[in-house]
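Asks: no sequence on hand, only this structure:
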């Protein structure tokens, strides 16, 4: 009866979420995934129910939506829509990336902002959760057009951000170029040089290891999970999706630790390099994607390996799978294929890349599964370290930042074990990340009164 009662309460809660946030399936999915972990915990800790903490976390503190008009190279006025979802500030200034992509809408940004609250909490750094962006597509645009858009975008956003208020970073479609243009415009508008954005260039307030942080951090988390079962990364075959920043540095760290990565992908398909992607090949990928902005199929042409158009890499046999592209890229059937082919560890480099059905397959098979809010927290962790360096007006050496990143990922793993360990000793990292991230935010919200 207790389980039925919990299920009824969960469904009632989700019905209200759907009613208040119609046509936002990604947000519904993210909230349900957290709520399923939390409801048994809330039943045992009624203070959080009495204070309606989960209901408050699921409601953004502020949503900003605005028009972005800019002039393209032909002199034509283009119009996009800009957003900033400031979800929760109980632990510190809002913190979360900006995404420039045609798929961006309010529901996707609310899902990302909701996830960000728990992710930032797990790092133990003083950061709240937010997300923002625009349906602007940087692909195919000249540098001048990207600059024009970024400057117009910042002309509105600057009113709502600041080093002690909200500190955006990059995300899909927002790399070093875009951060530079955004920061430059903020500086012009306010006539101040401050740590208002992270992911800046190293020579002007950025942190070493920031570009590498999400990929490196995910591999560090994989190390921690494997070590808990007496395994290591050394000698394992890894399958990675994506070919952007996260995927590139995931491969780099896997190489350093002795793993063999055999795939990368983009929206067109995936490459399968049986010989493995070595450092020379990886440098080509960085040039291809970061400078030429080409397609991953060109890798197959250059190195003579397999290219599977319109396919995903999850059918390639491996021990480690690292989805690092985008949300819901790995479904239930993909998960079954991975488990059947002997995969023992899946860790999410992207945000919510596994569907609920896929996650259930991994949990039922009891393989190691690192959910994104824990596994890919390295990026925002080093963004937090960049904020600290900016506040102190200094720059740490690469070794210092990398050491702190490793410690943060170690501590996140420990938190997941603390809150996710079951009676038989098995660690459910989904429950551990959700409950561990929730508790710290909840305690702060109670201490601060009704927000």
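Replies: Alright, I've got the coordinates. Keep in mind the model is a prediction, meaning the values are calculated, not measured. Numbering: from 1, shown residues only.

Asks: residue closest to the middle of this structure?
Replies: For the chain, the residue nearest the mean C-alpha position is residue 351 (4.2 Å; Cα atoms, centre = their mean).

Asks: ok, that residue touching residue 109?
Replies: No - at 11.1 Å, residue 351 does not count as touching residue 109 under the criterion of Cβ atoms under 8 Å. Yep, even glycine has a C-beta here, placed from its N, CA and C like the rest.

Asks: before we move on, the earlier item: distance of the residue nearest to the centre of the chain relative to residue 105?
Replies: Here residue 351 is placed at a distance of 15 Å from residue 105 (Cβ to Cβ, to the nearest Å).

Asks: in terms of pLDDT, where does residue 230 sit?
Replies: Looking at residue 230, its pLDDT reads 96.

Asks: wasn't residue 231 part of a strand?
Replies: No - counting by DSSP: H, G, I helix; E, B strand; the rest coil, residue 231 is not part of a strand but coil.

Asks: picking that back up, what do residue 351 and residue 109 both touch?
Replies: Residues touching both residue 351 and residue 109 (Cβ atoms under 8 Å, 6 or more residues apart in numbering): there are none.

Asks: list the buried residues for the longest helix that the chain contains?
Replies: Looking across the chain with DSSP state H, the single longest helix is helix 398-420. The neighbour-count check on helix 398-420 (16 or more other Cβ atoms under 10 Å) flags 401-402, 404-406, 408-409, 412-413, 415-417, 419-420 as buried.

Asks: and these, which is closest to residue 325?
Replies: Comparing those against residue 325 with Cβ to Cβ places residue 409 closest, at 20.9 Å.

Asks: contact partners for the closest residue to that closest one other than its chain neighbours?
Replies: Spatial nearest neighbour of residue 409, excluding adjacent residues (Cβ to Cβ, 6 or more residues apart in numbering): residue 220 at 4.1 Å. Applying Cβ under 8 Å, 6+ apart, we find residue 220 in contact with 253, 378, 405, 406, 409, 410.

Asks: please apply the same query to residue 171.
Replies: Counting by Cβ under 8 Å, 6+ apart, the residues that residue 171 touches are 97, 98, 99, 112, 131, 133.

Asks: and it, its phi and psi?
Replies: phi -160, psi -160 (degrees, to the nearest 10).

Asks: and it, how far from residue 323?
Replies: Distance check for residue 171 against residue 323: by Cβ to Cβ, it reads 16 Å.

Asks: where exactly do the strands run in the chain?
Replies: Here the chain has its strands, by DSSP state E, at 62-71, 77-88, 94-100, 129-134, 166-170, 237-240, 260-261, 263-266, 269-272, 306-309, 320-322, 345-347, 368-370.

Asks: for the helix or strand bottoming out on mean pLDDT in the chain, list every residue counted as buried.
Replies: Each helix and strand of the chain was given a mean pLDDT (mean pLDDT, DSSP states H and E); the minimum falls on helix 2-20 at a mean of 89. For helix 2-20, burial by neighbour count (16+ other Cβ under 10 Å) applies to 10, 13, 14, 17, 18.

Asks: go on, stretch 228-241?
Replies: 231, 233, 236, 237, 238, 239, 240, 241.

Asks: and if you look at stretch 27-46?
Replies: For stretch 27-46, using 16+ other Cβ under 10 Å, the buried residues are 27-39, 42.

Asks: pipe those residues into JSON lines and attach pLDDT and distance to residue 163 per row.
Replies: As requested, those are exported to JSON lines (pLDDT from 0 to 100; distance: Cβ to Cβ, whole Å):
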{"residue": "27", "pLDDT": "97", "distance to residue 163": "28"}
{"residue": "28", "pLDDT": "97", "distance to residue 163": "33"}
{"residue": "29", "pLDDT": "94", "distance to residue 163": "33"}
{"residue": "30", "pLDDT": "94", "distance to residue 163": "28"}
{"residue": "31", "pLDDT": "97", "distance to residue 163": "30"}
{"residue": "32", "pLDDT": "97", "distance to residue 163": "34"}
{"residue": "33", "pLDDT": "95", "distance to residue 163": "32"}
{"residue": "34", "pLDDT": "96", "distance to residue 163": "29"}
{"residue": "35", "pLDDT": "97", "distance to residue 163": "33"}
{"residue": "36", "pLDDT": "96", "distance to residue 163": "36"}
{"residue": "37", "pLDDT": "96", "distance to residue 163": "33"}
{"residue": "38", "pLDDT": "97", "distance to residue 163": "32"}
{"residue": "39", "pLDDT": "96", "distance to residue 163": "37"}
{"residue": "42", "pLDDT": "96", "distance to residue 163": "35"}
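
Asks: which of those residues fall within helices?
Replies: Those of the buried residues of stretch 27-46 lying in helices (DSSP H): 27-39, 42.

Asks: give the rounded mean pLDDT of stretch 243-254.
Replies: 96.

Asks: before we move on, what about stretch 163-180?
Replies: 95.

Asks: pull the distance from it to the chain's centre.
Replies: With Cα atoms, centre = their mean, to the nearest Å as the basis, stretch 163-180 stands 14 Å off its chain's centre.

Asks: now stretch 54-74
Replies: That offset, for stretch 54-74, works out to 18 Å (Cα atoms, centre = their mean).

Asks: what residues of that stretch count as buried?
Replies: Neighbour counts over stretch 54-74 (16+ other Cβ under 10 Å) mark 54, 56, 57, 58, 59, 60, 61, 63, 64, 66, 68, 70 as buried.

Asks: how about the fourth one, nearest residue that isn't a chain neighbour?
Replies: What sits nearest to residue 58 in space, not counting adjacent residues and going by Cβ to Cβ, 6+ apart, is residue 31, at 5.4 Å.

Asks: right, and that neighbour touches residue 17 too?
Replies: Yes - counting by Cβ under 8 Å, residue 31 does reach residue 17; the two are 5.3 Å apart.

Asks: out of the ones in helices among the buried residues of stretch 27-46, which one sits closest to residue 439?
Replies: Closest to residue 439, out of all of those and judged by Cβ to Cβ, is residue 38, at 9.7 Å.
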